[in-house]
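[1] the following comprises the amino acid sequence and a computationally predicted model.
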Amino acid sequence: MPRVNLLPQKLPRNVADPLGRSVARLGITPNMVSLFGFAGNAFAAWLITREALLAAGCVFLFFSALDLVDGAVARATNQATPFGAVFDAVLDRASEALVLVACAWYFAARGEQVQVVLTWAALVGSVSVSYMRARAEMLGLAMRDGFFRRQERVALVGLGLLFDALAIAIWPLAVLSNLTALQRLWMVARAVRSPASPA
């Protein structure tokens, strides 16, 4: 499948491994890192509903960045497990959903109905992108590529919050997340129709 990623999904190993070992020495497990990230994103969502967008952006970006740390800790402590991967993925999806629901709440309180609809469209797109990956992996296909994956969505929402441009950021978020879901659907269709497909 073609590589079409905008942002890296993981830290470089020469950064991730020392970081993972340092965090692990504090007695912090990978699942704890995932829980910290979820709690921080839930707090960011609450800040959005309070219209504290700058603070929400800082909190959201910081705790979302922990998604790059839990895997490093898992490798450093040899605690990478199938359950840990599922646990992390579920919390990632829940975190993103909470923040987008908070954005819809924020727009609704301001009477910006178009942005409310776009936010729900962005939520559908983000869920669909993740679902396409899950279905692809059930078929034995790797599906980490895509034009607008979680890290790109996090970066766009975070910038929208930091620069008080959430109403602008929600437009490309809604469009590109759904286009990425369609892109992954096309990639899966192409792979399963290939003679070399495991399916």
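    Structure received. Residues are numbered from 1 along each chain as shown.

[2] and the spatially most central residue of the chain, what is it in contact with?
    In the chain, the residue lying closest to the centroid (CA atoms, centre = their mean) is R150, at 3.1 Å. Neighbouring residues of R150 by CB atoms under 8 Å, 6 or more residues apart in numbering: D67, D92, E96, S126, V129, S130. Any C-beta I mention is one placed from the backbone N, CA and C, and that applies to glycine too.

[3] what of R75?
    So R75 contacts A16, D17, G20 (CB under 8 Å, 6+ apart).

[4] repeat that with 7 Å
    When contacts are counted by CB atoms under 7 Å, 6 or more residues apart in numbering, R75 touches D17, G20.

[5] quick one: contacts for G158?
    Contact analysis of G158 by CB under 7 Å, 6+ apart lists G57, F60, L61.

[6] which of the three states applies to the spatially closest residue to it that is not a sequence neighbour?
    Spatial nearest neighbour of G158, excluding adjacent residues (CB to CB, 6 or more residues apart in numbering): L61 at 4.1 Å. Here L61 is recorded as helix under DSSP: H, G, I helix; E, B strand; the rest coil.

[7] how close does T180 get to V129?
    5 Å (CB to CB, to the nearest Å).

[8] whoops, F148 was the one
    Distance of F148 to V129, computed by CB to CB: 7 Å.

[9] and what of A16?
    Taken as CB to CB, the span from A16 to V129 is 24 Å.

[10] likewise for G160?
    Taking CB to CB, one finds G160 at 18 Å from V129.

[11] tell me which of those two has more neighbours.
    Between G160 and V129, V129 has the larger neighbour count (other CB atoms under 10 Å), namely 26 against 22.

[12] now the element after the helix or strand where that one lies, going C-ward?
    Assigned by DSSP states H and E, V129 falls within helix 113-138. Reading on from helix 113-138 to the C-terminus, the next helix or strand found by DSSP H and E is helix 150-162.

[13] other SSEs contacting the next helix or strand after that next one?
    The helix or strand immediately downstream of helix 150-162 is helix 166-192, counting by DSSP H and E. Helix 166-192 is packed against helix 113-138, helix 150-162, with contacts defined by 3 or more CB pairs under 7 Å, 6 or more residues apart in numbering; DSSP states H and E.

[14] do that again at 10 Å, thanks
    Taking 3 or more CB pairs under 10 Å, 6 or more residues apart in numbering; DSSP states H and E as contact, the helices and strands that helix 166-192 lies on are helix 53-64, helix 82-109, helix 113-138, helix 150-162.
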